[in-house]
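Student: Structure for the following, please:
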Amino acid sequence: MMVLVHGDIGVGKSTVVRAAMARLGWTRPAGLFTHWDGAARGAATVFAETWTGARQPMARRVARPAGPGELPYELDPGFADFAGAALSPPDPGTPVVVDELGLIELASAGFVAAVATWSRRPGPVLAVVQDRARARWRELLDPDGAARWFRVAAASRAGLPAEIAACFRG
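Tutor: Numbering: from 1, shown residues only. Reported below is the predicted structural model:
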């Protein structure tokens, strides 16, 4: 079962996913989350961290993007290996949770390959997808439309953790 959560920046996607994890008792799933290490959004370094506390720089801000439409971040050379290990659960029943899948992550062929592998696994998968990258991640993760998608909005946010948890229990 794969559940994908999406919505606008700052609407509470990560909060919804963490609340669903708590309802399910998933304290140490495989996978990772990204963050700015306490700095403001758009900081110099974006970090990836496993749910067990291992962390690695994911990308660093560059002075100038490589070209028009390019993101102002360069992937850290160790990110793909780190993420590949984080996305490899010890057994098929271990849940995989990724917060989040965005544009920066799409720039890493190794990460995309690791995500493609876990997205086809039989165990539970829960991920946050940035709206601005949703079309591309949908092609990669849900080409047959079998995943459950939940849009987080202010009006739906409170009830979503229970709905998401029900998907995995039911």
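Student: Could you list everything the closest residue to Ala44 other than its chain neighbours pairs with in the sheet?
Tutor: Among residues not flanking Ala44 along the chain, Arg61 sits closest, at 4.8 Å (CB to CB, 6 or more residues apart in numbering). Where you see a C-beta, it was placed from the backbone N, CA and C, and this is true even at glycine. When bridges are taken as DSSP bridges, the partners of Arg61 come out as Tyr73.
Student: Go ahead and confirm Arg61 touches Trp36.
Tutor: No - the criterion here is CB atoms under 8 Å, and Arg61 misses it with Trp36 at 10.8 Å.
Student: Quick check: neighbours shared by those two?
Tutor: The contact sets of Arg61 and Trp36 overlap at Gly42, Ala43, Thr45 (CB atoms under 8 Å, 6 or more residues apart in numbering).
Student: and of the residues you listed, the nearest to Ala146?
Tutor: Nearest to Ala146 among the shared contacts of Arg61 and Trp36 is Gly42, at 34.7 Å by CB to CB.
Student: Just give me the closest of the shared contacts of Arg61 and Trp36 to Gly53.
Tutor: Gly53 lies nearest to Thr45 out of the shared contacts of Arg61 and Trp36, by CB to CB, at 17.6 Å.
Student: For burial, what's the neighbour tally of the closest one?
Tutor: 14 (other CB atoms under 10 Å).
Student: Could I get the full set of strands for this protein?
Tutor: Here the chain has its strands, by DSSP state E, at 2-7, 30-35, 45-50, 55-61, 73-75, 96-101, 125-130, 148-152.
Student: and the fourth one, how far from the chain's centre?
Tutor: What separates the centre of strand 55-61 from the centre of its chain is 15 Å, taken as CA atoms, centre = their mean, to the nearest Å.
Student: how far off strand 30-35 does that strand point, in degrees?
Tutor: Angle, strand 55-61 to strand 30-35, by axes from the mean of the first three to the mean of the last three CA atoms, to 10 degrees: 40 degrees.
Student: so Ala19 sits right up against Pro161, yeah?
Tutor: Yes - using CB under 8 Å, Ala19 is in contact with Pro161, at 3.7 Å.
Student: What does the pLDDT read for Leu71?
Tutor: If you check Leu71, the pLDDT there is 79.
Student: Surely it and Ala107 touch.
Tutor: Yes - counting by CB under 8 Å, Leu71 does reach Ala107; the two are 7.1 Å apart.
Student: outside of the helix or strand bottoming out on mean pLDDT in the chain, which residues touch it?
Tutor: Within the chain, confidence by mean pLDDT, DSSP states H and E is lowest for helix 109-119 among all helices and strands, at a mean of 86. With CB under 8 Å, 6+ apart as the test, helix 109-119 has contacts from 2, 30, 79-81, 83-84, 87-89, 96, 98, 101, 105-106, 125, 140-142.
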